[in-house]
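Colleague: Return a 3D structure for these sequence lines:
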Amino acid sequence: MNAPIEDYALLSDLETAAMVGRDGSIDWLCLPRFDSPACFAALVGTRDNGFWRVAPVAGRRCTRRAYRGDTLILESEWHSAAGAVRVIDFMPPRTQSPCVIRVVEGLRGSVTMRSDLRVRFHQGRVLPWVRAVESGTLAVAGPDAVWLHADGPVNMPGDEHDTVRDFVVPAGRRLALTLVWSPSHLTEPPPQLSVPAETALKETSDFWRRWSAQCRYEGPWRDAVMRSLITLKALTYAPTGGIIAAPTTSLPGRVGGERNWDYRYCWLRDSTLTLSCLLRSGYREESTAWLDWLVRAVAGDPDHLQTVYGVEGQRLLTETEAPWLTGYEDSRPVRFGNSATSHFQLDVYGEVMDTLWLSLRAGILMPAHLWDLVEVLMGHLERHWRRPDQGLWQVRGPQRQFVHSKVMVWVAADRALRMGLLLGRNGSSDVWRAMRDEVHREVCRKGWDARQRSFVQSYGSSALDASALLIPRLGFLPATDERVRGTVRAMRRLTHGGFVRRYDSGGAVHGPDGIRGSEGAFVSCSLWYAQCLAATGHPQQARAAFERLLAVRNDVGLLAEQWDPDEGRQLGNAPTAFSHAAVVETAFALSPTPSATRPHGPATPVRRR
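Modeller: A predicted model of the protein is given here:
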């Protein structure tokens, strides 16, 4: 039986990530990158698909655990009558090869510990050749090698099935286990094996404390904001600045169902929300890196603008299934790659334009060819905006005239006009202004349901969609408009247990996406609802909705994509950048202090580079 999704904590070296359960087991790790094949895949399979557990022989779930302050260093403790022990897990920010370090510290008495390592390369499928070497244990298969070293009295012999060793840790003793990946053709031990674990721990702690100190949020939810920002940083691929949606794949939106997707990639959908919360929080370096990634990724033929890209901006993310993996709690199929790369989504044009505009207003240095990109993308949008598409939620059913997609077309034209004014480039203003006005009229006519007094999911449909909650934040209509107020009231019908579903998926096949079964409430949608409640004059209800959402974070402050109010558990890939970015934005929207609610500042002169 797989552990609950909320049992997992996150480790990251800013290029890949590990998921650590409350039982001390790392059940998910892709090496050397977020989107590389997994060498520990027990999270979406069984123990036979790879894991690494360090915990007391007699223990199960830890007694308590927490991140050390505003860092990504995880401390887990087991307490029993015989003694107490702490395991300190971390990944040093990448300098060379990826590395996981587990420091075991005796706190009281003597505790017998066990390190149980089972490496399975290529998505939990390939058994390695394991042998003892001078520096410890080496596991090799194909292009991959994993080295395991212990700096204390722990001999780690192993075979192709397991590397298991029991050892006793008395009070006051500390020893470390270090696992490092390297290409298999390099025969020398990686340099990280010679770095003292205590040195790596101090450097990792210093890195995260320096980074966290830059946060300028001063409102009542600082702990939640800080943990969400640290999570966003942890999901950043440092070499390029791309931010992945989540470090996992195929954690289900419904246990036992087929809504299982690979989120280890970068979605344009997330770009505006992510950039906005980073800028508000004082992280200009990360904002600039994310913008640079975005501009590089979308360069080229606008006909081939994708909804999702790889961490380096790669476009080919072929979706495959892994029948040898049983799936999380038998939720199949397990998927690697994502076919959303082939989807046609109009909303991505608005998201790109909104991100560029936000960056300009914040005074971020922009590429000299920025305006060329704007004109190319807008020219394409002029010719194609009337087409149906697959929408914000990337439905796998027939294309439709989604209301949110048309709203984002309006956003694209509006932001292009604003950028033109700021840059003194007004050559296409009349065309873009006419398109913006036409789209606005069409959405207000075809996307509005007078009977329900609400905007709906698509033209001609009566279905509600939580994406309509973004209308006031995007500036399409003000929060004071009765159509916005009516839409917010109508969204109560999408609430369940105080949380908001993205749409009514029902219990059978959902028409727009063609996928069977229901799903949980979406974290981001619940947070959009809280923001709209505040904007429409209901601050107490907004605060209650926000606090209700924060209460379902796991014990270390992490959120998956969804929450199941009936079962009281998290669903979907975890932790999810979209969820944590929405936490930050909601905290700013609801915070009463001027320092917390201060916007990004007035438009500043644009500096070109």
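
Colleague: Could you find the closest non-adjacent residue to V409?
Modeller: Excluding its sequence neighbours, the residue lying closest to V409 (CB to CB, 6 or more residues apart in numbering) is W385, at 4.6 Å. Glycine gets a C-beta too; all of them are placed from N, C-alpha and C.

Colleague: Got the confidence number for the one you found?
Modeller: pLDDT for W385: 97.

Colleague: hey, which helix is longest across this structure?
Modeller: helix 403-423 (DSSP state H).

Colleague: What is the burial count for the residue nearest to V409?
Modeller: Residues within reach of W385, counting by other CB atoms under 10 Å, total 22.

Colleague: so who does it touch?
Modeller: 346, 406, 409, 435, 439 (CB atoms under 8 Å, 6 or more residues apart in numbering).

Colleague: could you measure it against V411, distance?
Modeller: 12 Å (CB to CB, to the nearest Å).

Colleague: coming back round to it: most neighbours out of the contacts of W385, which is it?
Modeller: Neighbour counts for the contacts of W385 (other CB under 10 Å) peak at V409, which has 28 neighbours.

Colleague: tell me the contacts of it?
Modeller: If you count contacts by CB under 8 Å, 6+ apart, then V409 has 346, 349-350, 381, 385, 435, 439 around it.

Colleague: Any chance of JSON lines for these, columns secondary structure and distance to C215?
Modeller: Listed next are the contacts of V409 as JSON lines, based on DSSP: H, G, I helix; E, B strand; the rest coil; distance: CB to CB, whole Å:
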{"residue": "L346", "secondary structure": "coil", "distance to C215": "35"}
{"residue": "Y349", "secondary structure": "helix", "distance to C215": "32"}
{"residue": "G350", "secondary structure": "helix", "distance to C215": "29"}
{"residue": "L381", "secondary structure": "helix", "distance to C215": "36"}
{"residue": "W385", "secondary structure": "coil", "distance to C215": "39"}
{"residue": "M435", "secondary structure": "helix", "distance to C215": "39"}
{"residue": "V439", "secondary structure": "helix", "distance to C215": "37"}
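
Colleague: D223: which of those is nearest?
Modeller: Closest approach to D223 among these (CB to CB): G350, at 33.0 Å.

Colleague: Now that closest one. Nearest residue, chain neighbours left out?
Modeller: M408 (3.0 Å).

Colleague: burial measure for N338, as a count.
Modeller: 24.

Colleague: need the strands for the stretch 51-200 of the chain, in chain order.
Modeller: Ranges of strands within the stretch 51-200 of the chain are 51-56, 64-67, 74-79, 83-90, 99-118, 129-133, 136-141, 144-150, 163-170, 174-183, based on DSSP state E, counting those that start in this stretch.

Colleague: Likewise for the stretch 451-600 of the chain?
Modeller: Going by DSSP E, counting those that start in this stretch, the stretch 451-600 of the chain shows strands at 454-455, 495-496, 499-500, 521-522, 562-564, 569-571.

Colleague: Quick one: closest of the strands of the stretch 51-200 of the chain to L232.
Modeller: strand 64-67 (14.6 Å).

Colleague: Start and end of stretch 205-220, how far apart?
Modeller: 25 Å (CA to CA, to the nearest Å).

Colleague: Stretch 298-316 now?
Modeller: Where stretch 298-316 begins and where it ends lie 13 Å apart, using CA to CA.

Colleague: Would you mark the buried spots in it?
Modeller: 298, 302, 305-311, 313 (16 or more other CB atoms under 10 Å).

Colleague: Tell me the spacing between T137 and W129.
Modeller: 11 Å.

Colleague: out of the two, which sits in the more crowded spot?
Modeller: T137 (23 against 12).

Colleague: can you tell me how far the more buried one sits from D27?
Modeller: From T137 to D27 the distance is 20 Å (CB to CB).

Colleague: go on, W267?
Modeller: W267 is 25 Å from D27, by CB to CB.

Colleague: Show me which of those two is the more surrounded one.
Modeller: Taking neighbours as other CB under 10 Å, W267 and D27 compare with D27 leading, 26 against 23.

Colleague: The more buried one contacts F51, correct?
Modeller: Yes - applying CB atoms under 8 Å as the test, D27 and F51 come out as touching, 5.1 Å apart.

Colleague: Find residues that contact each of these two.
Modeller: Contacts common to D27 and F51, judged by CB under 8 Å, 6+ apart, are 40, 42.

Colleague: Out of the strands of the stretch 51-200 of the chain, the one nearest L325 is which?
Modeller: Nearest to L325, of these and by CB to CB, is strand 51-56 at 13.3 Å.

Colleague: And that closest one, what does it pack against?
Modeller: When contacts are defined as 3 or more CB pairs under 8 Å, 6 or more residues apart in numbering; DSSP states H and E, strand 51-56 sits against strand 25-30, strand 83-90, strand 99-118.

Colleague: pLDDT weak spots in this structure?
Modeller: Applying pLDDT under 70 to the chain picks out residues 153-160, 505-517, 593-609.

Colleague: Enumerate every residue touching the nearest residue to L31 once chain neighbours are set aside.
Modeller: Among residues not flanking L31 along the chain, W181 sits closest, at 4.1 Å (CB to CB, 6+ apart). Shown in contact with W181 (CB under 8 Å, 6+ apart): 31-32, 39, 97-99, 144-147, 190.
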